[in-house]
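*Asks:* With the sequence up front, the predicted model follows.
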Amino acid sequence: MLAAAALMIDYVLNVAVGVSAGVGALVSAMPGLRPYILPLYLGVVLLAMFANLRGTGEAGSLFALPTYFFILLHEPLLRLIEKLDADSPERRVAVLIPETVKDKWWQNLLHMNRAGRLRAKLVKLGGPRLTVATVPWRLYREEQAAT
């Protein structure tokens, strides 16, 4: 009974963190969706619930495409930098990566270190002519936080 309760709590937390990170990434890419954060959260949770009710195979195939899209999102940028390096070896390249500023400790759980992983890939790929810098980006403007 204790193991079942632990699994249930783990699953609920996993869904909460995954949905929060996904909707946060979507809203950061499209700031116009900010007023609809709660409906987006609820819609994704309902989608996950109905997919899981249909079975593991259907749920896996439903969520595979967005997962692969996210994983492969960095590849075009990496290929572009390789191409620039091959075409003109004397050229310097600068890449600015927005990095989420986390005000609370628990935001580290919700907003994974995507910028850090991309930065690590770029540093590994690039040579001395590649400059990678992060730009701080706040989740909420200070005016919104005060209200």
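*Replies:* Good, I have the coordinates.

*Asks:* which residues of this structure fall in strands?
*Replies:* Secondary structure of the chain by DSSP state E: the strands cover 93-101, 130-138.

*Asks:* Out of these, which is the most enclosed?
*Replies:* strand 93-101 (a mean of 15; mean count of other C-beta atoms under 10 Å). Any C-beta I mention is one placed from the backbone N, CA and C, and that applies to glycine too.

*Asks:* what packs against that strand?
*Replies:* helix 75-87, helix 114-125, strand 130-138 (3 or more C-beta pairs under 8 Å, 6 or more residues apart in numbering; DSSP states H and E).

*Asks:* Name the residues that touch that strand?
*Replies:* 28, 77, 81, 84-85, 107, 111, 115-116, 118-119, 122, 126, 129-139 (C-beta atoms under 8 Å, 6 or more residues apart in numbering).

*Asks:* tell me the angle it makes with helix 75-87.
*Replies:* 150 degrees (axes from the mean of the first three to the mean of the last three C-alpha atoms, to 10 degrees).

*Asks:* So what does Gly126 have for phi and psi?
*Replies:* phi -80, psi 160 (degrees, to the nearest 10).

*Asks:* Tell me how many other residues crowd it.
*Replies:* Neighbourhood size, Gly126 [other C-beta atoms under 10 Å]: 17.

*Asks:* That one and Glu82 touch, don't they?
*Replies:* No. The pair Gly126 / Glu82 is not scored as a contact, 9.2 Å apart, by C-beta atoms under 8 Å.

*Asks:* could you dump the strands of the chain to TSV with mean pLDDT and distance to Gly22?
*Replies:* Output for those, formatted as TSV (pLDDT from 0 to 100; distance: least, C-beta to C-beta, whole Å):
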stretch	mean pLDDT	distance to Gly22
strand 93-101	80	14
strand 130-138	81	17
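
*Asks:* Just put those in JSON lines and tack on distance to Gly55.
*Replies:* Output for these, formatted as JSON lines (distance: least, C-beta to C-beta, whole Å):
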{"stretch": "strand 93-101", "distance to Gly55": "35"}
{"stretch": "strand 130-138", "distance to Gly55": "39"}
